[in-house]
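Participant: need the 3D shape of this:
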Amino acid sequence: MRRNIMVKIIIIFFFLFLFLYLLYPTIKFNYLMSSTAKEDLKIEDPKAYDKLIENSIKLGLDLQGGMHVVMEVDIEELAKALARNKDERFEEAWKESRDIVATEDRDFLTVFAQKLEEKGADIARYFGTKSLKDQDEILDYLRAQGSEAVNRSLEILRNRVDQFGVAEPTIQKQGNKRIIIELAGITDPQRVRGILGQTALLEFRLLKDQQVTQNVASKINEFIQGEITETDSLEKEEPKDTTVVRPEELFGEAEETEVDTTEKDSLALEREKLFKENLFFAYPGDPQRLLVPEENEFRLKKVLEDPAIQNIIQTEGGDSEFMWGKLDPNGEYYGIYLVEKEPELTGETITDALPQPGSGYDPGSFGKFEVSLSFNDEGARIFSRVTGANLNKRLAIILDRKVHSAPTIQAKIRDGRARITGLETMEEAQDLSVVLKAGALPAPVRLLEERTVGPSLGKDSIRKGTNSALIGLLLVAIFMIIYYKFSGFVADIALLLNIIILMGVMSYFHATLTLPGIAGIILTIGMAVDANVLIFERIREELDKGKTVWSSIETGYGRALITILDANVTTLIAGVVLYNFGSGPIKGFALTLIIGIVASMFTAIFVTRTIFEFLLQRKILTKLSI
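Facilitator: Reported below is the predicted structural model:
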């Protein structure tokens, strides 16, 4: 018997020291956070500091502060991107369907198919293949593509967040096309917003020849001149307005099917406002680059959407389109380039993207930053073929439909490397490398909701949560001592060990502590002593029958065991269900509840009984105070 009790005591102390050891990084980290030693360790031994953070209990969004973001994958844009042979009927049906689902809770694809039917268009014209001819089959295919796009976006966003270095992020799917992201400890929401929302579609496209670009620009200018009427001459007599023309200034609201003569004249006047001289002009130092004054950006974008302008581009420039570049450093002009419609290479073949300072040998990138790209074997082979076949031509590097640079191909590039130059800061280069390595999103994503929790609010939550847990623990401990006397004191020792085990397990698994998690700890405190209450009441009954202390303890623990197991197992099952099917806050509550229940089974039954047996065997205790 004595040997068995000593083994039990050794087991108890083993677990006590084990979980204190696991909890030590958390204790040390919180001590450093409250002193100036944190910055010293961070500078002197950054690896030790990172390891300390890694082994500590992480704080959730509600305790540490950070961002809660809800994003939605744009299924409408994905469907448009998958379509072929798009015409005016397609564009009208797509816009009308998008407007409908924006105000009504309806399926976009179903509405879109109905709108196409109303306009006499067959959906198979735009999405059909040899194996996809029936409308229902096409809709099923598009829904499958939408579901796959959401799942891929989920993984890509997770990769971006992981590379950004956020500790314990929460990223999960909600519904059919929404993704919830929770990032604790974020101090730069704007930067994170850019990383999450960037599509990161990288393309390499050849620029059209100088002569073709100039010819297209000349034809467009001729068309614009033909559209300029006497109204423009009248406007020139008025003070010149260089403000950006807003959409509402260009196009009136024409929702009514019947338009009177006055409204038609008004619409004609709005169209005349769209066209004016010097919307763009050639750049003397670069004939393949057209310059657009900043105040003309919106106006020219609308002009380029005009069907007549599109016809000029296709007739004179072949299978090409205009791509916009960045605003110049002075903030005065945008550059636009006429490029091939089909890319020669995309970012899918990228294996690595490394941010670095600009090369001192390149005057254009000196003093700036760049991203060095490496391609896989397939990408390197295609890049070698393209550069070898187009010597002295220019290749535009396009990210999310914006031209970052358009260098001249001076030699065949066989090593599968390229550079994106001209980035203003290292942070911009780092962010770009993150999204390129993680991959392009298969469809655009929209930011639907964003909540930011400040660090001060998080500290206030920690203080209040900690105080509530300590007050709860103190009140329960006092009650147990008053009501059960010495036996209550033994139960309090087990309760303290229970909390040490709970926090130690969380530290070992790098779990995240949230405000609901603190609520779970408080609930665990009550449930842990509840088991001892059942045991002590059984022991009291046995003592009242005149049994010895040894016998009463044996019988009390034996009879209460089944009841305790039944109550705790059912609660444990509920906790597991909550953890598997709940969202972030519910998971935090369920996690501490599950760990606390398992720990309380050990402390309330094994630890307290061992203490009683040890005291009785050593005759330290002859009469049980209960």
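
Participant: what is the burial count for residue 525?
Facilitator: By other Cβ atoms under 10 Å, 22 other residues sit near residue 525. (C-beta placed from N, C-alpha, C; glycine too.)

Participant: show me what contacts it?
Facilitator: 469, 472-473, 476, 495, 498-499 (Cβ atoms under 8 Å, 6 or more residues apart in numbering).

Participant: just the buried ones from these, in ChimeraX syntax?
Facilitator: Buried residues within the contacts of residue 525, by 16 or more other Cβ atoms under 10 Å, are selected in ChimeraX with:
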select :469,473,476,495,498,499
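
Participant: distance from the strand or helix carrying residue 54 to the middle of the chain?
Facilitator: Using DSSP states H and E, residue 54 sits within helix 46-55. Averaging C-alpha positions (Cα atoms, centre = their mean, to the nearest Å) puts helix 46-55 24 Å from its chain's average.

Participant: ok, back up a step: just the ones of the contacts of residue 525 in helices?
Facilitator: 469, 472-473, 476, 495, 498-499 (DSSP state H).

Participant: ok, back up a step: for the contacts of residue 525, give me CSV that also has distance to residue 593 and pLDDT.
Facilitator: Listed next are the contacts of residue 525 as CSV, based on distance: Cβ to Cβ, whole Å; pLDDT from 0 to 100:
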residue, distance to residue 593, pLDDT
469, 14, 82
472, 15, 85
473, 16, 86
476, 17, 89
495, 16, 91
498, 13, 91
499, 13, 91
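
Participant: relative to residue 340, which of the contacts of residue 525 is nearest.
Facilitator: residue 469 (64.4 Å; Cβ to Cβ).

Participant: does residue 435 touch residue 195 like I think?
Facilitator: Yes. Look at residue 435 against residue 195 with Cβ atoms under 8 Å: they come within range, at 6.2 Å.

Participant: point out where the stretch 251-400 of the chain drops to low pLDDT.
Facilitator: By pLDDT under 70, the low-scoring segments of the stretch 251-400 of the chain are 251-275, 360-365.

Participant: residues in contact with residue 337?
Facilitator: Residue 337 makes contact with 207, 213, 288-290, 322-323, 325, 396, 403, 406 under the criterion Cβ under 8 Å, 6+ apart.

Participant: over to residue 504?
Facilitator: Residues near residue 504 by Cβ under 8 Å, 6+ apart: 18-23.

Participant: lowest-confidence helix or strand of this structure?
Facilitator: Least confident helix or strand of the chain, by mean pLDDT, DSSP states H and E, is helix 247-250 with a mean of 41.

Participant: which of the contacts of residue 504 count as buried?
Facilitator: The neighbour count (16+ other Cβ under 10 Å) marks 19, 22-23 as buried among these.

Participant: what's the one helix or strand residue 553 maps to packed up against?
Facilitator: Assigned by DSSP H and E, residue 553 belongs to helix 549-581. When contacts are defined as 3 or more Cβ pairs under 8 Å, 6 or more residues apart in numbering; DSSP states H and E, helix 549-581 packs onto helix 515-544, helix 584-601, helix 608-617.

Participant: how about these in TSV, adding mean pLDDT and distance to residue 312?
Facilitator: As requested, the helices and strands packed on helix 549-581 are exported to TSV (pLDDT from 0 to 100; distance: least, Cβ to Cβ, whole Å):
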stretch	mean pLDDT	distance to residue 312
helix 515-544	87	61
helix 584-601	85	53
helix 608-617	90	88
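
Participant: residue 148 and residue 155 touch, don't they?
Facilitator: No. Residue 148 is beyond contact range of residue 155, at 10.9 Å (criterion: Cβ under 8 Å).

Participant: run through the bridge partners of the residue most central in space within the chain.
Facilitator: Of all residues in the chain, the one closest to the mean position by Cα atoms, centre = their mean is residue 181, 4.6 Å from it. When assigned by DSSP bridges, residue 181 has beta-bridge partners residue 69, residue 171.
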